[in-house]
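**Q** model this:
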Amino acid sequence: LALRGVCASAIVLAIALPAGALGGWRMGLRPLVALRVVLEITTALASVLALARLPLATLTALMMSAPLIVTTFSMASGMEARRMSRFLMAAIGFVGVLLVLQPAVRTSAAGLLLALACTLSLAAREIVNRRLPAHVPSMLIAVLTTVAVTTAGCLLAALQPWPAPGGPPPARSRTARRWR
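**A** All right, here's what the predicted structure looks like:
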């Protein structure tokens, strides 16, 4: 997350600054914007930690269920019209996710919990997106989330050993062992 974040932050800032997208930076202090940033961080961290414990296909299949969660929650909370056909389609979608996943006994429980946390955080982020006022610039949100995820990635990187390019892999840290 750290290296990716530094590059992504540089690119996003290079686009946002000339466009003047940071002129209304005070809009970024709104509680909903802060919540959206926190959810972006938890989604990114949970996905990276889950990837260390699960195959990419498993994590991707779980993350693809986020729109089903958003749809179900939106209907249950009254944000969208409740229709039996939508509930039925969401249920069929969840069954499809289970068919793709085919949960096995040997699958890492910690990895599945992290993937579930990632998926729920992703769904919550999208629900918060729907609640953001229209006048909050998308570019401001992009800058805030990119810089926040980069900061979280750098903090996480400080806790983990870094391998030298082409060198032997580093010894596993206590943090990595604890999550296995």
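
**Q** now the helix or strand in which Cys118 is found: buried residues?
**A** If you go by DSSP states H and E, Cys118 is part of helix 109-131. Using 16 or more other C-beta atoms under 10 Å as the test for burial, helix 109-131 gives 111-112, 114-115, 117-128. Heads up, the C-betas are built off the backbone N, CA and C, glycines and all.

**Q** other SSEs contacting it?
**A** Applying 3 or more C-beta pairs under 8 Å, 6 or more residues apart in numbering; DSSP states H and E, we find helix 109-131 packed against helix 31-51, helix 56-63, helix 66-77.

**Q** circling back: tell me the one of the buried residues of helix 109-131 nearest Ile15?
**A** Arg125 (21.3 Å; C-beta to C-beta).

**Q** contacts only, for the closest one.
**A** Each residue near Arg125 by C-beta atoms under 8 Å, 6 or more residues apart in numbering is listed here: Arg36, Leu39, Glu40, Thr43.

**Q** now do 6 Å
**A** Arg125 sits next to Leu39 when contact means C-beta atoms under 6 Å, 6 or more residues apart in numbering.

**Q** nearest to Met64, of the buried residues of helix 109-131?
**A** Ranked by distance to Met64 (C-beta to C-beta), those are led by Thr119 at 8.6 Å.

**Q** quick check, that closest one in contact with Ala66.
**A** Yes: between Thr119 and Ala66 there is a contact under C-beta atoms under 6 Å: 5.3 Å.

**Q** burial of Leu45, as a residue count?
**A** Other residues near Leu45 come to 20 when the count uses other C-beta atoms under 10 Å.

**Q** and the gap between Ser47 and Pro18?
**A** According to C-beta to C-beta, to the nearest Å, Ser47 and Pro18 sit 31 Å apart.

**Q** and if you look at Leu1?
**A** Distance from Leu1 to Pro18, by C-beta to C-beta: 26 Å.

**Q** again with Met84
**A** Taking C-beta to C-beta, one finds Met84 at 50 Å from Pro18.

**Q** touching the strand or helix carrying Ala90 from outside, list them.
**A** Using DSSP H and E, Ala90 sits in helix 84-101. Identification of contacts with helix 84-101 by C-beta under 6 Å, 6+ apart yields Ala61, Ser65, Leu68, Thr71, Thr72, Met75.
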